[in-house]
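Visitor: Quick one, what's the 3D model for this:
(2 chains)
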Amino acid sequence: MTAITLNIIVQGILTGLVYGLMALGLSVIFGVMRVVNFAHGEFTVVAMYAAFLLFDMLGVSPLLSLLPIAAAFFFLGYVLQRALVEPFISRAEHEQFILLVGLATVVVNGLLLIFGPDAHPINLPYSFDSYTIGPMFIDKVRVFAALGALAICVALFLFFRYTRTGTAIRACADNLTGAGVVGLNVKQLYAVTFGLGFACIGAAGTLMATIADASPGLAPAYTLLAFVIVIIGGLGSMAGALVGGVLIGISEALAGFYIQPSMKSMFSFALLIIVLVLRPQGLMGRRL
Amino acid sequence: MLTVDNLSVHYGDAQALDGVSLTVDEGAIVAIVGANGAGKTSLIRTIAGMHRPTAGRIVFGGNDIAGLPSHRVCDLGIGQVAEGRQVFPSLTVSENLDMGAMLPHARPHRAQNRERVLAMFPRLSERLGQAAGTLSGGEQQMLAIGRCLMGEPKLIMFDEPSLGLAPTVVHDVLKTIRDLNTGGMTCVLVEQNVAVSLKIATRAYVLENGRVTLSGSGAELLADERVRQAYLGI
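Guide: The predicted structure is shown next:
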């Protein structure tokens, strides 16, 4: 393998970890509530704009605004679930679909209305710096973004594994009737879950803003991307979302470099089709 | 302690319960007997707050709890050992027990309650780190009962606790229920094994098509000709 290929693969892994964090939000929400957040990419782009505004108007680095934006998105998700999604939980799937697609349309057009269709880059002083490791040049911002994404994924994993609230959320996903039997407050746990999914979006969007320019056009592409990643990794599997994200990151980077950047999604979908044929439950998903 | 007054429940157009009334005194074992589809599980789940009644009152400890969400009902002290055990299969035994103690009133005494439950079911303490789905049916039933006790209930509703268990295990489960009752626990028992449940019940109700058609002490119903023909096959 040539040094340049290795270099591209490493860059792809770093971007893929941010993709993985975004997809993790979708996976957590679906895994627990069986609701597919069709507005996932739209809200990711909202977070990118939030990071852009904080940087542009107040000069706050995205690495500093990461946690505040994630916290604000947790709150946003919590309120959205309580006010909008909760009444649809027990309804037919196509009704949930319309609700969330409708929300996505409102958000993306709202962004167009406020910011227009142009891209808004965040130009950090170190945006074009890179680390030299042997023959490789690794973008500094990508390293920071990947480390941030990884840290948040680990924190989320520890939360689900070791806290009582996290265990209670897993219990709801495991046996909803059982959750009612022992008196878990399912509505509230669902709202917390939606909030956590949105915190992933907030964090992923903020990190993404350092490596891609915010524009409303990205939104539907990101929704689809998160969806592809989660299906490749296995619906409801936390580790699967990260693995899927990294795979897509690598495939996009290689296709973008060796073939054409505009054709990178073609390879993501090819990967999706291969996984669906060979292992329909996804790489790390439970058998269907 | 618990009074159900004229309770009706509908699922869409279908009526599951039609004006059911019953009383559970403190310290009693009340058996609810009836064929499949008579409304036993609907009755238990409605009392537990998992279904919303269309009419009637459920009074527990002086409060009307009809229509309260299940987490509020549980926190008032009505525990449930549900049909099919309903443990969390991918959670460990230890985590399952913890989930029983998420109720605000039981949370502070988690450690003592856990000790008490593990003393009662030593088998569970050998399996604390094991996923509940890998336990045998009898062990899962112990876990379901233990998990319920972690919530410090004042009354426990058992829904088909012996269903699908080996005969020797059935004996253990029924003995556990009796022991709990001897220790002062009020119990509601829905059980397919009608002869046994009437034998240990202080009071019993027969449900047919969502209505109470007969009630009396366990011994009275055990001697009743209609009960003997319909449920005991004598």
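Visitor: ok, for B:N193, nearest residue in space, not its chain neighbours?
Guide: B:S162 (5.8 Å; C-beta to C-beta, 6 or more residues apart in numbering or on different chains). C-beta here means a position set from N, CA and C on the backbone, and glycine is covered the same way.
Visitor: Let me see the ranges of the helices in chain B.
Guide: Remark: helices assigned in chain B by DSSP state H are B:40-47, B:70-76, B:93-100, B:110-120, B:122-126, B:137-149, B:167-182, B:194-200, B:218-223, B:225-227.
Visitor: residue contacts, the closest residue to A:L271 other than its chain neighbours?
Guide: Of all residues not flanking A:L271 in the chain, A:S251 sits nearest, at 5.6 Å (C-beta to C-beta, 6+ apart). Neighbour list for A:S251: A:12, A:264, A:267-268, A:271 [criterion: C-beta atoms under 8 Å, 6 or more residues apart in numbering or on different chains].
Visitor: Show me which residues of the stretch 51-200 of chain A sit near chain B.
Guide: A:164, A:167-168, A:170-171, A:174-175, A:177-187 (C-beta under 8 Å from any C-beta of the partner chain).
Visitor: hang on, the earlier thing: now render the contacts of A:S251 as CSV, adding secondary structure.
Guide: CSV is the format used below for the contacts of A:S251 (DSSP: H, G, I helix; E, B strand; the rest coil):
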residue, secondary structure
A:G12, helix
A:K264, helix
A:F267, helix
A:S268, helix
A:L271, helix
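Visitor: Name the member of those residues with the most neighbours.
Guide: A:G12 (24 neighbours; other C-beta atoms under 10 Å in any protein chain shown).
Visitor: so how far is A:L147 from it?
Guide: Separation of A:G12 from A:L147 (C-beta to C-beta, to the nearest Å) stands at 16 Å.
Visitor: Can you give me the distance of the residue nearest to A:L271 to chain B?
Guide: As judged by C-beta to the nearest C-beta, to the nearest Å, A:S251 and chain B stand 31 Å apart.
Visitor: and that residue, what pLDDT?
Guide: Note on A:S251: pLDDT of 95.
Visitor: from what I can see A:T206 touches A:P68, true?
Guide: No. Applying C-beta atoms under 8 Å, one finds A:T206 not in contact with A:P68, separated by 9.1 Å.
Visitor: on that earlier part again, identify the residues contacting the residue nearest to B:N193.
Guide: B:169-170, B:173-174, B:191-193 are the contacts of B:S162 under C-beta under 8 Å, 6+ apart.
Visitor: I'd like to know how many residues surround residue 131.
Guide: Looking at chain A here, since you left the chain open. Neighbours around A:Y131, by other C-beta under 10 Å: 11.
Visitor: that answer is for a different chain, and I need it for chain B
Guide: The local packing of B:A131 (other C-beta under 10 Å) involves 17 other residues.
Visitor: For chain A, see how far away it is.
Guide: Taken as C-beta to the nearest C-beta, the span from B:A131 to chain A is 10 Å.
Visitor: Who is that residue paired with across the strands?
Guide: Taking DSSP bridges as the rule, B:A131 bridges to B:T92.
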